[in-house]
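Colleague: Structure for the following, please:
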Amino acid sequence: MDRFSRQGVAQMLRQVSLQSLRGLAVAAALAVASTVSSAQNAADRPQRGDAFLIYRETRVALPGGKMRLLAAGTWGRAVAIEGPTVVGIVNGAKLSVPLANVACGRSGVARLSAEIRDRPTDWSLYLYRADLRRKLKDYDAALEDVAAIPEDASEYPSRMVYLGVIKRDQENWQGAVDDLSAALELATAARDRRAMAYIHLYRGPAYYRLDKLDAAIDDIDEAIKLGYDDAEVHLWRGKLLVQKGQTDLAFEAFKKAKELDPYDKEVRAALVQLYERLNLYGLATDELNELAKDDTNEPAVLWTQARIHYKSKRYDEALAVAEKLLEIEPDHVGARVCQARIYFAKGDKRSLERIALRLMALKLDNGGDFAQRGFCLDACGLTVDAMKDFDQAIALGYRDSSVHTCRAQIHARRSEWEKVVAEATAAIKLDARNKDAYYARGVGLLWLKKTDEGVADFDRAIRIEPNFVRALVARALTFANTN
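Modeller: Purely as a prediction, here's the structure:
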């Protein structure tokens, strides 16, 4: 048997087939709520290595954070039945880390370290420990574990996968692509379809971060063809298609993800964002209400509610939600910016300046927060400070079409037309349905005496929104002045 097939990363994640676990998942879920007799038939017991699959199967039973608690409890019961095996320790710890139980994760690392001292050439233990350290964001130690595996070990091909995944988590996108591509060659030679599917899934987001959108979509599509058919992969496919401006296909991808995992909050959030992008605020609100059922005070949900109210011009409702959010997170930049935009729309200059001063006093370290503050400062006319914040956002890896659109608009006010075209083009690259970016680029092209190209951009903006008044007027004036 080929060494990749013996020790592929997919095999490590999934010890048994999904089909064989369907009955086990039900029994496992019940085990959390009630005592399971030790005299159960072996076929009904949770098996060693099954935590990941049990988690996926049982998460449809309970919404929200209860799913992870269920999975962690299930695995705890499985370990009690089968004994504290290495795989049990690893999976239990990995499920606990997202629940903020870091101590459990570190306990798992300590247990694995003890096993490695007893079996220093069992290279699979090094991979297990690397994966757990990666979950704990102890990347240097994880890389040391992976680097210890020799080339003649059966685990060596999996070593390449782990190297790529760790580098991806470190945001070393090119390094991740290189290592995962090397791993894919080995998996392809071994005809290990499951490992190939995982590698395509891991590599796709790295390509996206390198601005290779088509390559990212190809990887995700290939993962699906190879049998990786769960909510995560369809969620990623939908996000990439949104970036391409293919919103109909993106909606189908999100819908498929929701069918596969009805309680995945990230999937519902993606649908809300898509509806919001398409100005379908009623549908966005319906989906958001479902998302908020578990916790109406969830900051991310409140922020989205405020944003949708603002875009629907329900300013009083938006302000009320923003104020509620600020009671929970007093320095929530998005909520402050929402307030500022509403005050700007209402012509309340004094309140707008007060919000701007409050925002400028904050010490930020997040690209999204720098971007949001930049929008507010631009609304206050502080364009120099706004551009500095946008520069910081981009330097921190924040990728958002609206940032480049705002920068284009600032350059337009300065009559810097080549910069307008460059920024608007960057915005369109991130969102092919950004009508404001097409309009800004069209204006820039007109001033650069590229009339036909400018009109073509106005036409694109109008196709996205047929009642886009500024584009319609600009197009009409251009024809009037050229005929």
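Colleague: Which strands or helices does the helix or strand harbouring Val272 pack on?
Modeller: Using DSSP states H and E, Val272 sits in helix 265-277. If you count contacts as 3 or more CB pairs under 8 Å, 6 or more residues apart in numbering; DSSP states H and E, helix 265-277 packs onto helix 231-244, helix 247-260, helix 281-291, helix 299-311. The C-beta positions use only the backbone N, C-alpha and C, and glycine is treated the same way.
Colleague: what about it, distance to the chain center?
Modeller: Going by CA atoms, centre = their mean, to the nearest Å, the spacing between the C-alpha centre of helix 265-277 and its chain's C-alpha centre is 12 Å.
Colleague: Stretch 232-251 now?
Modeller: Per CA atoms, centre = their mean, the centroid offset for stretch 232-251 relative to its chain is 12 Å.
Colleague: ok, residues contacting that stretch?
Modeller: 201, 204-205, 208, 213, 216-217, 220-221, 223-224, 252-254, 256-257, 260, 264, 266-267, 270-271, 273-274, 277-278, 430-433 (CB atoms under 8 Å, 6 or more residues apart in numbering).
Colleague: for Tyr208, what are its contacts?
Modeller: Contacts here follow CB under 8 Å, 6+ apart; on that basis Tyr208 touches Ala216, Leu240, Gln243.
Colleague: quick one: the second one and Ile217, what's the gap?
Modeller: Just to be clear, that refers to Leu240. According to CB to CB, to the nearest Å, Leu240 stands 5 Å off from Ile217.
Colleague: So for these two, which residues contact both of them?
Modeller: With CB under 8 Å, 6+ apart, Leu240 and Ile217 have common neighbours Gly204.
Colleague: The two: which has the busier surroundings?
Modeller: Leu240 (25 against 21; other CB atoms under 10 Å).
Colleague: For Ala408, grab the count of nearby residues.
Modeller: Ala408: 26 neighbours (other CB under 10 Å).
Colleague: Model confidence for it, exactly?
Modeller: Note for Ala408: predicted pLDDT of 95.
Colleague: And for Ile81?
Modeller: The predicted local confidence for Ile81 is 42.
Colleague: Same check on the one 10 residues further on?
Modeller: Among the per-residue scores, Asn91 holds a pLDDT of 52.
Colleague: So Ala432, which state does it fall into?
Modeller: coil (DSSP: H, G, I helix; E, B strand; the rest coil).
Colleague: For it, grab phi and psi.
Modeller: phi -70, psi -10 (degrees, to the nearest 10).
Colleague: what sits against it?
Modeller: Per CB under 8 Å, 6+ apart, neighbours of Ala432: Gln243, Lys244, Gly245, Gln246.
Colleague: Report how many residues lie close to the residue nearest to Thr188 when sequence neighbours are not counted.
Modeller: Nearest in space to Thr188, with sequence neighbours left out and distances taken as CB to CB, 6 or more residues apart in numbering, is Met196 at 6.2 Å. Here the number of neighbours of Met196 (other CB under 10 Å) works out to 25.
Colleague: Met196 and Leu325: what is the separation?
Modeller: 44 Å.
Colleague: same check, this time on Arg460
Modeller: 35 Å.
Colleague: Neighbour count: the two, which is higher?
Modeller: Using other CB under 10 Å as the criterion, Arg460 and Leu325 rank with Leu325 on top: 24 against 20.
Colleague: can you give me the angle the helix or strand Arg407 falls within makes with helix 265-277?
Modeller: Using DSSP H and E, Arg407 sits in helix 401-413. Note on geometry: by axes from the mean of the first three to the mean of the last three CA atoms, to 10 degrees, helix 401-413 and helix 265-277 are set 30 degrees apart in direction.
Colleague: Before I go, just wanted to say thanks for your time.
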